[in-house]
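Engineer: here is my input; please provide its structure:
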Amino acid sequence: MSARALLPSRAEGQAALATAALFALAYPPVPLLGPAFVCLAPAAIAVAHRADERVPLRASLRIGFWTGALAYGVTLYWIATALALYTKLAVLGWLAATVVLAIVVAVTLGALHLARRATRWPMVLLLPVVWIAGEMLLAHLGELAFPWLPLGLTTASTPVLAQLADLSGVHGVSFWVAAVNGAVADMFLERDRGTIVARRALFVVASVAAVVGYGWWRMTTIRLLPMSTVAVVQPSIPQEDKWQEENQERIVGILADVTRRAIAGRPRLVVWPEAALPDFLFRHREWLDTLATLAAPTRTPILLGVLDVKFRPPERPLYYNGAMLVDGDGRVREPVYHKRRLVPVVERVPFIAPELVRGWSEYFGGYARGSQPVIFHPPIGAVGALVCYESIFPSLAREYRRGGAELLVNITNDAWFGRTLGPYQHYAHSVMRAIETRLPVVRAANTGISGYIDPLGRPQGHTELFERTAAEYLVDFADVRSPYVRLGDWVGMLSALVTVALIGAGWGIARRDERAEDDG
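Structural biologist: Sure, this is the predicted structure:
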């Protein structure tokens, strides 16, 4: 497709702009629920018109590209803020991410065009299937995977609606929200046919009632059992100070001071944020003495984010971002967990061996991936750690639950987000992980948002951004295993398979029509 062919018509641009604006208003921290249920409708209506009128596929691809570019360009503007701490090319990084995401949305709406042309099925059926297939694509792009804003995340601040996630994960919630969008699109497309409009309106009302009813039932019948107390430490170290050598001892002193406050309440576990110690631990063995001094007097274990290294002469060492447990005796418990999902570019430059990138910057782009989950066993129970970015991948939390974890901790830095939308969007994922797995989630963030979310997805206290504090929470456990934990993301997988079949059928019909026109 040429650059000129990418330029949208006025109608295409209006559809893309309307969807993008509503999309941006649908996600945290915007306190609006309505936009989520109509945000896809303008683009879906425009695609349906073009498919029904046998307009070439490229028109819907354009709508998708500009919808994605505008929607993600606005909601993810914080990428430029974050990358500015590492490179002068931060804006280019944001633009690159936006273009990749725009291409995925273009492919998604192109698939919707082909599916509509092949079947003429209503959007209430097609839109959820195809949109969730697009979300699955974003989650399975290997080193470029970025499932940051699934449509189901818009319900995170309304737990009674989000309970649906325990059936098939966040993509199950996305499916329902997209179906409501599809019904709204159908009501506009068939606005001259009162019976169809009434049926779609009835579907919207009935589906909302069903989801609310299911959510109310789950929230009133799942019994929460007191587990123990967990304290989180939020040291609030600005990102520009964190990796400066002259600040190292001051930062460790801040961590120690805040931890003493946390331990005063005698919690059963203290959690520090991601990469809490400001350098690789092998260079500062005295920091182990500091940890032992903090943990041993009250026998309070500390779970903390740590930068680790694996030496393997004569080859170059491998560097990891991870987590480790210091037990109540002040000893490091092996093994150290190595983060398995790394932030593209920031932690791992895609498709380039980390050993080659390491020489460019010690703390940027050259980390290796871990290969195994690690469940820690402090006295409180079995604990699985999701390090920062890992909290946006439902499968990792599910793996911990299936492995016997009784508590999830999300340790993160998030200082690089600054005071943008990023911390709020990131925090919302922890709500969905709690509901999907029916596990409590304790979150320790360097600059916030830290807090505790119970197994019903209800925040039970949280800190403010850039507040230096310690907070203690009484954690509850739910002795249930959700359908999502047992079955996985079955809605997402089925949607992907059906979409592939619809694309094949639609492509075949489009080619047949083109040949018929040529023969005519």
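
Engineer: from Met324, how far out is the spatially most central residue of the chain?
Structural biologist: With distances taken as CA atoms, centre = their mean, Ile392 lies nearest the centre of the chain, 2.7 Å away. Between Ile392 and Met324 the computed distance is 22 Å (CB to CB, to the nearest Å). Where you see a C-beta, it was placed from the backbone N, CA and C, and this is true even at glycine.

Engineer: try Ser391
Structural biologist: For Ser391, the distance to Met324 - CB to CB - is 18 Å.

Engineer: more neighbours: which of those two?
Structural biologist: Legend: neighbour count by other CB atoms under 10 Å for Ser391 and Met324, higher for Ser391 (25 against 21).

Engineer: can you pull the pLDDT of Trp360?
Structural biologist: Here the pLDDT value assigned to Trp360 is 53.

Engineer: same question for Thr81.
Structural biologist: So, for Thr81, pLDDT stands at 82.

Engineer: can you give me the neighbour number for it?
Structural biologist: With other CB under 10 Å as criterion, Thr81 counts 17.

Engineer: check Val38 too.
Structural biologist: Quick note: Val38 (other CB under 10 Å) scores 16 neighbours.

Engineer: equivalent analysis for Ile103, please.
Structural biologist: 15.

Engineer: quick one, strands of the stretch 101-250 of the chain?
Structural biologist: Under the criterion DSSP state E, counting those that start in this stretch, the stretch 101-250 of the chain carries strands at the ranges 224-234.

Engineer: hey, where'd the helices end up in it?
Structural biologist: 123-139, 159-162, 165-168, 170-189, 194-221, 239-242, 248-263 (DSSP state H, counting those that start in this stretch).

Engineer: list the buried residues of the fifth one.
Structural biologist: Read that as helix 194-221. Val197, Arg199, Arg200, Phe203, Val204, Ser207, Val211, Tyr214, Gly215, Arg218 (16 or more other CB atoms under 10 Å).

Engineer: now tell me what touches stretch 246-254 from outside.
Structural biologist: Residues outside stretch 246-254 that contact it (CB atoms under 8 Å, 6 or more residues apart in numbering) are Pro235, Ile237, Asp241, Lys242, Leu277, Pro278, Asp279, His284, Trp287, Thr290, Arg468.

Engineer: how about 7 Å then?
Structural biologist: Contacts to stretch 246-254, defined as CB atoms under 7 Å, 6 or more residues apart in numbering, come from residues Pro235, Ile237, Asp241, Leu277, Pro278, Asp279, Trp287, Thr290.

Engineer: run a quick neighbour tally on Pro56.
Structural biologist: Counted with other CB under 10 Å, Pro56 comes out at 11.

Engineer: over to the one 3 residues further on?
Structural biologist: Summarising burial for Ala59: neighbours were counted as other CB under 10 Å, giving 23.

Engineer: cool, Asp414 as well?
Structural biologist: 23.

Engineer: sec struct for Leu304, please.
Structural biologist: strand (DSSP: H, G, I helix; E, B strand; the rest coil).

Engineer: which residue packs closest to the residue nearest to the centre of the chain, ignoring adjacent ones?
Structural biologist: Excluding its sequence neighbours, the residue lying closest to Ile392 (CB to CB, 6 or more residues apart in numbering) is His429, at 4.9 Å.

Engineer: ok so, going back, of the helices of the stretch 101-250 of the chain, which approaches Tyr320 most closely?
Structural biologist: helix 239-242 (17.5 Å; CB to CB).

Engineer: which positions within that closest one qualify as buried?
Structural biologist: Applying 16+ other CB under 10 Å to helix 239-242 flags Gln239, Lys242 as buried.

Engineer: ditto for stretch 132-145
Structural biologist: Quick answer for stretch 132-145 (16+ other CB under 10 Å): Ile132, Ala133, Gly134, Glu135, Met136, Leu137, Leu138, Ala139, Ala145.

Engineer: next, format those as JSON lines and append pLDDT and distance to Leu6.
Structural biologist: JSON lines is the format used below for these (pLDDT from 0 to 100; distance: CB to CB, whole Å):
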{"residue": "Ile132", "pLDDT": "98", "distance to Leu6": "26"}
{"residue": "Ala133", "pLDDT": "98", "distance to Leu6": "23"}
{"residue": "Gly134", "pLDDT": "97", "distance to Leu6": "19"}
{"residue": "Glu135", "pLDDT": "98", "distance to Leu6": "24"}
{"residue": "Met136", "pLDDT": "97", "distance to Leu6": "25"}
{"residue": "Leu137", "pLDDT": "96", "distance to Leu6": "20"}
{"residue": "Leu138", "pLDDT": "95", "distance to Leu6": "21"}
{"residue": "Ala139", "pLDDT": "94", "distance to Leu6": "26"}
{"residue": "Ala145", "pLDDT": "91", "distance to Leu6": "25"}
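
Engineer: roughly how far does Met493 sit from His429?
Structural biologist: From Met493 to His429 the distance is 20 Å (CB to CB).

Engineer: who's more crowded, those two?
Structural biologist: His429 (28 against 16).

Engineer: look up phi and psi at that one.
Structural biologist: Backbone geometry at His429, expressed as degrees, to the nearest 10, gives phi -60, psi -30.
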